[in-house]
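**Q** Dropping a prediction and its sequence here:
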Amino acid sequence: MNILFFLMLTIIVFLLVLIGTFVYFGRKVVFIDALELYRKGQEEEALDKLKSYVMTKKNDIKAKELLAKIYMERGEIQNALKEYVGITLSSASNVIEKSYAYSAMVKIYFQEKNFTKAIAAAGSGLKYNKENVDIYYHLGKIYLIMDKERRASRMFNEVLKYDRTHLASRMELANMHIKEKNFTKARFQLKKVLETEQENDDARYRLGEIYYAEDSLEEAALEFENLKNIDGRENLYYRVLSEYYLKIKNLDRLENVLEKMLEKQELFHDLKIWIQYNLANIYEIKERYEEALELYKAVKDKNARYKDVEERVKNLMKFLSPEEFKAILHEIDFSEMTHDDFISTAKTMIEKMGMLFNYQIEENSKIFSAVISDKYSMSGSKTKYLFLITRNSEVSPRDLQKFLDKMSDNKIDNGIYVTLGEYTDSAIEFAGNIEGLEILDKVHVHDIVGQIESEE
């Protein structure tokens, strides 16, 4: 009797265990199926299976984590948050799982700009795992937004204490150091990023920026040459490379860079002139004279006194069309100009040379003089000039000395002397030895403003 009883009891226990095992593994199969569906991209089917599964297996933390992840990807933030909160409260979750859930909550609150809750969740998460780098990273981002740079820096350094390969934290620290002009520390962080990830264009671009700011043109250019993507970075990229190729006289690469720069529509005035002038130089060296002349003329139209552009235009015109040039030279005659035309020519010269009229110094039948300044300046500071135009047919060294005396009287270091006639050889030699003095003759006037036709 007793033997029969124990036999029946054993069978019942065995059946209960068998049923329990079947139910357990049957439910586990549901989770595995859901995971497989998720991996295949069948998110909707995976979500339906998981929701049913989690209702009966509330202590399966991995399932709850996957469910929360799917909710996040679908933008169902509150449902995700509910699952993460459930994980933090579950007795079945271990300290790492709780810390991970708090980390996810920090990220959610950060995205919602609810920094108070984010900081509170971060504190709870770090109690379970003080090495949770995601929490430290988001705390650093929060403190940056709150203008608490020192705290932010400590958080990013905490990340690197536990994960030396955390590139986002290194980039944040590098950007903070750049803002502080602490280029040594910034350079260290950026180089560490590139040691781990050589294709990181953000780090390489910022490193190039630092070198350029430190006047290390070659190092900046070498970094920029290795960039894979320059979207949004074109201006400095082309500027650095063009300056570098110009310095090392690599004309082919310089030509390529300048032509790409010139294709851009949004170029401020001085940069566009600089590009056109240097590209024209290259065309001239390569004997592409027509293209060079066209660009030089474009520069002259915007700023007739830019470097030696007037002289280059004159020489190219003389070379390309010698007969035409001689005819133009012969026709230049301002002797019959009225006084009103004379004053108009002076003011047109000032405008065409890219200058601003400040105030007049002198006006008579032979002379007009004024103080003028740069209209365009990349540096922000505008140089002042004493401008004088004369109707004298010939200018001597004595005339130029009188002009220098006027510059001194007006406390101006730079001068532009213009004649509607010509300079004696000794005057040209004299001017060549004076720093800050620029002389223009009737040919320059004709090129800048054209021949003035007086009314009969």
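**A** Ah, there it is.

**Q** Does anything pack onto the helix or strand containing Leu222? Which helices or strands?
**A** Assigned by DSSP states H and E, Leu222 belongs to helix 217-225. The contact analysis (3 or more C-beta pairs under 8 Å, 6 or more residues apart in numbering; DSSP states H and E) places helix 217-225 against helix 201-213, helix 234-248. C-beta here means a position set from N, CA and C on the backbone, and glycine is covered the same way.

**Q** Just put those helices in a markdown table and tack on mean neighbour count.
**A** Formatted as a markdown table, the helices and strands packed on helix 217-225 follow (neighbours: other C-beta atoms under 10 Å):
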| stretch | mean neighbour count |
| --- | --- |
| helix 201-213 | 20 |
| helix 234-248 | 18 |
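
**Q** contacts for stretch 63-77?
**A** Stretch 63-77 is contacted by residues 31, 34-35, 38, 43, 46-47, 50-51, 53-54, 57, 79-80, 83-84, 86-87, 90, 97, 100-101, 104, 108, 112 when judged by C-beta atoms under 8 Å, 6 or more residues apart in numbering.

**Q** switch the cut-off to 6 Å
**A** Stretch 63-77 is contacted by residues 31, 47, 50, 53-54, 79-80, 83-84, 87 when judged by C-beta atoms under 6 Å, 6 or more residues apart in numbering.

**Q** closest to Asp301 among these?
**A** Ala80 (62.6 Å; C-beta to C-beta).

**Q** and Asp201, what does it touch?
**A** So Asp201 contacts 227-229 (C-beta under 6 Å, 6+ apart).

**Q** Please check those and keep the buried ones.
**A** Buried members of those, counted by 16 or more other C-beta atoms under 10 Å: Leu227.

**Q** is it possible to export the contacts of Asp201 to JSON lines including pLDDT?
**A** Formatted as JSON lines, those follow (pLDDT from 0 to 100):
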{"residue": "Leu227", "pLDDT": "94"}
{"residue": "Lys228", "pLDDT": "93"}
{"residue": "Asn229", "pLDDT": "92"}
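
**Q** And the contacts of Asp201, which is closest to Glu324?
**A** Leu227 (46.8 Å).

**Q** Would you reformat the helices and strands packed on helix 217-225 as a markdown table and include distance to Asn256 and mean pLDDT?
**A** Listed next are these as a markdown table, based on distance: least, C-beta to C-beta, whole Å; pLDDT from 0 to 100:
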| stretch | distance to Asn256 | mean pLDDT |
| --- | --- | --- |
| helix 201-213 | 18 | 96 |
| helix 234-248 | 9 | 90 |
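
**Q** Compare those helices and report which one is nearest to Ile428.
**A** helix 234-248 (29.6 Å).

**Q** hang on, the earlier thing: now, which of the contacts of stretch 63-77 lie within strands?
**A** Among the contacts of stretch 63-77, no residue falls in strands (DSSP state E).

**Q** Quick one: which of those residues is the most crowded by neighbours?
**A** Among those, Leu50 has the most neighbours (other C-beta atoms under 10 Å), with 28 neighbours.

**Q** Could you check how far that one is from Gly140?
**A** Taking C-beta to C-beta, to the nearest Å as the measure, Leu50 falls 33 Å from Gly140.

**Q** go on, Lys181?
**A** Taken as C-beta to C-beta, the span from Lys181 to Gly140 is 21 Å.

**Q** and if you look at Ser91?
**A** Plainly put, Ser91 is 32 Å away from Gly140 if you go by C-beta to C-beta.

**Q** the more surrounded of the two?
**A** Neighbours around Ser91 and Gly140, counted as other C-beta under 10 Å, are more numerous at Gly140. The numbers are 26 against 5.

**Q** Need the per-residue pLDDT for the more buried one.
**A** pLDDT, Gly140: 97.

**Q** Apart from its neighbours in sequence, what residue is nearest it?
**A** Using C-beta to C-beta, 6 or more residues apart in numbering and skipping residues adjacent in sequence, the residue nearest Gly140 is Met155, 3.5 Å away.

**Q** Just the mean pLDDT for the helix or strand harbouring that neighbour, thanks.
**A** Element membership of Met155, judged by DSSP H and E, is helix 149-162. Summarised as a single mean, pLDDT over helix 149-162 is 97.

**Q** swap in stretch 428-446?
**A** On average, stretch 428-446 scores 89.

**Q** Could you tell me the end-to-end distance of that stretch?
**A** Using C-alpha to C-alpha, to the nearest Å, one end of stretch 428-446 lies 19 Å from the other.

**Q** So for it, what gets flagged as buried?
**A** 430-431, 437-446.

**Q** All set, thanks.
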